[in-house]
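Visitor: Compute the structure for the input listed below.
(chains A, B, C and D)
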Number of protein chains: 2
Amino acid sequence: MTTTRERIIAGTEAVFDEHGFAGVGMDRLTEASGVSSRTLYKHMGSKTGLIAAVLDARRERFDQAFDVLTIEDLFATLASWADTEGARGCLFLRALGEDGRSAPEVDRAVSDYRDLLQRAMARIVEHETGRTDAVLAEQLLVLFEGATAAMSYRGRQAIDAAHAAAKSLIGGLMGATPS
Amino acid sequence: MTTTRERIIAGTEAVFDEHGFAGVGMDRLTEASGVSSRTLYKHMGSKTGLIAAVLDARRERFDQAFDVLTIEDLFATLASWADTEGARGCLFLRALGEDGRSAPEVDRAVSDYRDLLQRAMARIVEHETGRTDAVLAEQLLVLFEGATAAMSYRGRQAIDAAHAAAKSLIGGLMGATPS
DNA sequence: ACCAAGGTATCACGATCGTTTTACCTTCGG
DNA sequence: CCGAAGGTAAAACGATCGTGATACCTTGGT
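Guide: Purely as a prediction, here's the structure:
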């Protein structure tokens, strides 16, 4: 069973992704949500509440999709995410950039996502190397963020480059000699 | 001599960077520009024209600041850029995300910047390795984009991680054997 | 049979949006 | 000394913003 709330979120997320947050009005959002504006406000409270709810839902979907343990799977998942969802740069970064810090609920949604992302990188590094390595996790985070940003205009080759770089960094650590 | 146009651009850039593009009104921009709204419109034509002019000016300033030939200088320059200009994610990516593709002048300004960025990465790779290497240049681009995005919430350690990763990738290429 | 729950469509609100206009300075080369 | 050139402040434009209100319709459980 999909709740009304879920339908609203699912319908509006793509609009935000395509046109930004401040740039779309409630009229377009109500139209995309498939419900009346009265129902939308009853469920979401405000436009800011809707944005936070969309970001929370996206984080959960991201969390399920990126439940991976290897570098290989990480970038393969990123590629298929880009295929199905498009690649317009990190929606969380963009949400924060449009709102300043003026909306605490948005702020919280973004940092929730970022915590999750960091933990995912640390988990992959630990699984790949057999130990925790904060530096390597930070590097993998940077590569993932970079691939997310660069793939919006470089396409698949940005993902491939990040993937290859990550493998080199992991491999270099494990004493592999240059082929 | 600074022209009126330059003063307008210099005054408004920080406002866009802090609050986004669609989210700020012309009243705040005229106040920040230091000129009347009539003068602002005479020089910029429209809000979109102002945005494109601000992005063009930023690209030129970026071009001068990042006139570097080494990995070392690249990330040192990024760190001092972040210190003086702040780190809120790539302003060009954000501009594109807020406007969809609806404004051709903004679109053009963003791709001008991206061309410049790619050429800078290729130039650094060529200087560091002595030959052109498209794959390595792509990896450096991803690392730079990733550092730009990640430093907005990870701070300096994101830059350091990208720097170290770039050095590893360059070093590995040049035939260094482990220990 | 009925009533609450939750949906719809539509309109109106005050505010703010981007833009233009009106009317009035100031400065400076000829 | 005069007349462009280029500036100012302030008001107003229709449109659109986020939000609430009004009135009506459809359900499903008791």
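Visitor: looking at it, A:Arg94 is touching A:Ala22, isn't it?
Guide: No: counting by C-beta atoms under 8 Å, A:Arg94 stays clear of A:Ala22, with 10.4 Å between them. In short, each C-beta sits where N, CA and C put it, glycine included.
Visitor: what is in contact with the two at once?
Guide: B:Glu98 (C-beta atoms under 8 Å, 6 or more residues apart in numbering or on different chains).
Visitor: So for those two, which sits in the more crowded spot?
Guide: Neighbours per residue (other C-beta atoms under 10 Å in any protein chain shown) separate A:Arg94 from A:Ala22, with A:Arg94 holding more: 23 against 19.
Visitor: Quickly find the element holding the nearest residue to the more buried one once chain neighbours are set aside.
Guide: The shortest distance from A:Arg94 to any non-neighbouring residue, by C-beta to C-beta, 6 or more residues apart in numbering or on different chains, is to B:Gly97 (4.5 Å). Assigned by DSSP states H and E, B:Gly97 belongs to helix B:91-99.
Visitor: which bits of chain A sit near DNA strand D?
Guide: A:Ala22, A:Val24, A:Gly25, A:Met26, A:Asp27, A:Arg28, A:Ser37, A:Arg38, A:Tyr41, A:Ser46, A:Lys47, A:Thr48 (C-beta under 7 Å from any atom of the strand).
Visitor: For A:Ala95, see how far away A:Ile8 is.
Guide: Distance, A:Ile8 to A:Ala95, by C-beta to C-beta, to the nearest Å: 17 Å.
Visitor: Just want the residue of chain A that's nearest chain B.
Guide: A:Gly146 (2.6 Å; C-beta to the nearest C-beta).
Visitor: which residues in chain A form helices?
Guide: A:4-19, A:26-33, A:37-44, A:47-65, A:71-85, A:91-99, A:104-129, A:134-154, A:156-173 (DSSP state H).
Visitor: Go through these and name the closest to B:Leu117.
Guide: Among those, the nearest to B:Leu117 by C-beta to C-beta is helix A:134-154 (9.6 Å).
Visitor: how near is the residue nearest to A:Arg94 to B:Asp112?
Guide: 17 Å.
Visitor: go on, A:Thr148?
Guide: In terms of C-beta to C-beta, A:Thr148 sits 22 Å off from B:Asp112.
Visitor: More neighbours: those two, which one.
Guide: A:Thr148 (28 against 17).
Visitor: Contact partners for the more buried one?
Guide: A:Leu78, A:Ala87, A:Gly89, A:Cys90, B:Ala149.
Visitor: now with 10 Å?
Guide: For A:Thr148, the contacting residues are A:78, A:81-82, A:87-93, A:117, A:158-159, A:162, B:93, B:142, B:145-146, B:149, by C-beta atoms under 10 Å, 6 or more residues apart in numbering or on different chains.
Visitor: In chain A, which residue sits nearest DNA strand D?
Guide: Of all residues in chain A, the one sitting closest to DNA strand D is A:Gly25 (2.9 Å; C-beta to the nearest atom of the strand).
Visitor: That residue contacts A:Ala32, doesn't it?
Guide: No: using C-beta atoms under 10 Å, A:Gly25 is not in contact with A:Ala32, being 11.1 Å away.
Visitor: Quick check: chain neighbours aside, which residue is closest to A:Phe16?
Guide: Using C-beta to C-beta, 6+ apart, the closest residue to A:Phe16 is A:Val54 (6.0 Å).
Visitor: quick one: that neighbour from A:Thr84, how far?
Guide: Distance from A:Val54 to A:Thr84, by C-beta to C-beta: 17 Å.
Visitor: Looking at those two, which one has more neighbours?
Guide: Counting neighbours by other C-beta under 10 Å for A:Val54 and for A:Thr84 shows that A:Val54 has the greater number, 27 against 7.
Visitor: where are the low-confidence patches of chain A?
Guide: Across chain A, the ranges flagged by pLDDT under 70 are A:1, A:100, A:173-179.
Visitor: hmm, try it at 80
Guide: Chain A contains residues with pLDDT under 80 at A:1, A:99-101, A:172-179.
Visitor: who in it is up against DNA strand C?
Guide: A:Thr4, A:Gly34, A:Val35, A:Ser36, A:Ser37, A:Arg38, A:Thr39, A:Lys42, A:His43.
Visitor: Just the buried residues out of these, in ChimeraX syntax.
Guide: Here is the ChimeraX command that selects the buried residues among the residues of chain A next to DNA strand C (16 or more other C-beta atoms under 10 Å in any protein chain shown):
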select /A:35,39,43
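Visitor: Now tabulate the residues of chain A next to DNA strand C in a markdown table and tack on distance to A:Arg61.
Guide: A markdown table is the format used below for these (distance: C-beta to C-beta, whole Å):
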| residue | distance to A:Arg61 |
| --- | --- |
| A:Thr4 | 18 |
| A:Gly34 | 19 |
| A:Val35 | 21 |
| A:Ser36 | 26 |
| A:Ser37 | 25 |
| A:Arg38 | 27 |
| A:Thr39 | 23 |
| A:Lys42 | 24 |
| A:His43 | 19 |
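Visitor: List just the nearest of the residues of chain A next to DNA strand C to A:Met121.
Guide: Distances from A:Met121 to the residues of chain A next to DNA strand C, taken by C-beta to C-beta, are shortest for A:His43, at 33.8 Å.
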